[in-house]
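Novice: Coordinates for the following, if possible.
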Amino acid sequence: MTEDRYRELGTLTLHAARTMVGQEFVRLNEDGPDIILRLVAAEAVRQDPSAQPSGSGRPFSLLFQGPADPQLTQGIHDLGHAEHPLPGIFLVPVGRRDDGFTYEAVFT
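Specialist: Numbers count the residues shown, from 1 in each chain. Now for the predicted structure:
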């Protein structure tokens, strides 16, 4: 399996995620227009130095920027993309700006 297709989020690495920064993902919305989220950052997450390394390049987080309306709720969302779909990603709203919301997904 190559790193450019994520049928299961368990195969996503920080290295691969960083290649997707700047790209747009679509959250289909049955109640209105689809929601476009732009991946704005993929960063390593500091962890307890006594923790056992996973060997998978984890933990890391992804930050997405979305519109002001509608706001996504915290929970599991399927993000579509022609080459890099992210099915079942858990997003948490972590910030609000005048032009929209920031969402974070953490991979451990």
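
Novice: going forward, measure contacts and count neighbours with C-alpha atoms only.
Specialist: Fine.

Novice: Just checking: what are the partner strands of the helix or strand where residue 65 lies?
Specialist: Per DSSP states H and E, residue 65 falls inside strand 60-67. Paired neighbours of strand 60-67 in the sheet (DSSP bridges): strand 35-44 (antiparallel), strand 100-107 (antiparallel).

Novice: For whatever helix or strand comes next after it, name the packing helices and strands.
Specialist: Toward the C-terminus, strand 60-67 is succeeded by strand 75-79 as the next helix or strand (DSSP H and E). Contact here means 3 or more C-alpha pairs under 8 Å, 6 or more residues apart in numbering; DSSP states H and E; on that basis strand 75-79 packs against strand 24-27, strand 86-97.

Novice: Residue 75: how many residues sit nearby?
Specialist: 12 (other C-alpha atoms under 10 Å).

Novice: To clarify, my last question referred to residue 30.
Specialist: Residue 30 has 7 nearby residues by other C-alpha under 10 Å.
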